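J.: Predicted coordinates and the sequence they were generated for:
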Amino acid sequence: MFKSINEERKTFSRKVVEHIHELLASGQLKPGDKLPSERELAEMMNVSRPTIREAFKILSAMNLLNIRQGHGVFVADQNARLDNLASFLFLQTDTIYELFEVRKMIETESAAKAAKRGTSDFLEQIYETTRDCYNKVIVQQQFQIKEERDKFLSESDQQFHLTVAEAAGNEVVMRVMTNLIDLLRESRMQSMKIPGRVEQSLKEHMLIAEAIKDRDAELARSRMFEHLSSVERTLLLELEQAGIPANLKDESEDPSDISEKPF
């Protein structure tokens, strides 16, 4: 039932997570089913108990499993599992690292090109729109309802990064950024939940928009890189504090040793 995965970049706990997720997706594990104990599952999969424990914590954090003290580990109900499918895709197989690697490749250069190529009116528009967002959220604190504030922030963040790409004047970059929006949406929503992250991002947007408006390409590039790196660090730190390892390699076990034995 459990296939062997030999990709060295994945942690052992992450491999166990993906094995169990496959069982959930295929229906071999159903809502309410009780999983074997840590000891039993560790023996079956030929990994350590801490590895199983870590995998349980990851799956529990995504509401795919329920850990009931003194009773065992159970498959969560269908609604909770569906609600957290996007989170699973976002967190698995180093997606955060790879997503931000792509963003740094594209968006830092887009910021520099925008400063060089954008029309003065368009660059002024980016700056004014960014300042308006900052004032509404930080200075005036217009939003009293969390859902309205979150919706405004999500749309504003998306619009900021797309308009910077548009100002760069490269149609291919715009198409790539548009296609990245679905992936960016999950990282955006995750980061907005972190205390202080919204305020920090809005300040960083202001600095980027200012550099672009002033046509300082090198400063725009470096500020965009600093912004993306800042968001990435915050997300990874939040995951680690929640008990979800971010690409931490476990050298104590050989990846090829994970057994294919079923429960």
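T.: Arrived safely, thanks for sending.

J.: Touching the strand or helix carrying Arg188 from outside, list them.
T.: Per DSSP states H and E, Arg188 falls inside helix 171-192. Contact partners of helix 171-192, identified using C-beta atoms under 8 Å, 6 or more residues apart in numbering, comprise 86-87, 89-90, 96, 99, 102-103, 106-107, 110, 150, 153-154, 157-158, 161-162, 165-166, 197-198, 201, 231, 234-235, 238. All C-beta atoms are positioned from the backbone trio N, CA, C, and that covers glycine.

J.: Let's see that with 7 Å instead.
T.: Helix 171-192 is contacted from outside by 86, 90, 99, 106, 110, 150, 153-154, 157-158, 161-162, 165-166, 197-198, 231, 234-235, using C-beta atoms under 7 Å, 6 or more residues apart in numbering.

J.: Can you list which of those residues are found in helices?
T.: If you go by DSSP state H, the contacts of helix 171-192 have 86, 90, 99, 106, 110, 150, 153-154, 157-158, 161-162, 165-166, 197-198, 231, 234-235 in helices.

J.: which parts of the helix holding Arg188 are buried?
T.: Residues 173, 177, 180, 183-184, 186-188, 190-191 are the ones in helix 171-192 that count as buried (16 or more other C-beta atoms under 10 Å).

J.: ok now it, how far from the chain's centre?
T.: Relative to the chain's own centre, helix 171-192 is displaced by 11 Å; criterion: C-alpha atoms, centre = their mean, to the nearest Å.

J.: Show me which of the ones in helices among the contacts of helix 171-192 are buried.
T.: The buried subset of the ones in helices among the contacts of helix 171-192 (16+ other C-beta under 10 Å) comprises 86, 90, 99, 106, 110, 150, 153, 157, 161-162, 165-166, 197-198, 231, 234-235.

J.: The spatially most central residue of the chain and Ser201: what is the separation?
T.: The centre of the chain sits closest to Ser187, judged by C-alpha atoms, centre = their mean, with a distance of 3.7 Å. In this structure, Ser187 and Ser201 are 12 Å apart, going by C-beta to C-beta, to the nearest Å.

J.: cool, and Ser154?
T.: Applying C-beta to C-beta, the value for Ser154 to Ser201 is 11 Å.

J.: now Val17
T.: Taken as C-beta to C-beta, the span from Val17 to Ser201 is 29 Å.

J.: Looking at those two, which one has more neighbours?
T.: Comparing Val17 with Ser201 by neighbour count (other C-beta atoms under 10 Å), the higher total belongs to Val17, at 26 against 21.

J.: Go ahead and confirm the more buried one touches Ala55.
T.: Yes. Between Val17 and Ala55 a contact is recorded at 4.9 Å, counting by C-beta atoms under 7 Å.

J.: In this structure, mark out all the helices, start to finish.
T.: Using DSSP H, the helices of the chain run over 12-26, 38-45, 49-61, 78-83, 85-91, 95-117, 120-134, 146-167, 171-192, 197-213, 217-241.

J.: What part of the protein, helix or strand, is modelled with the least confidence?
T.: Least confident helix or strand of the chain, by mean pLDDT, DSSP states H and E, is helix 85-91 with a mean of 48.
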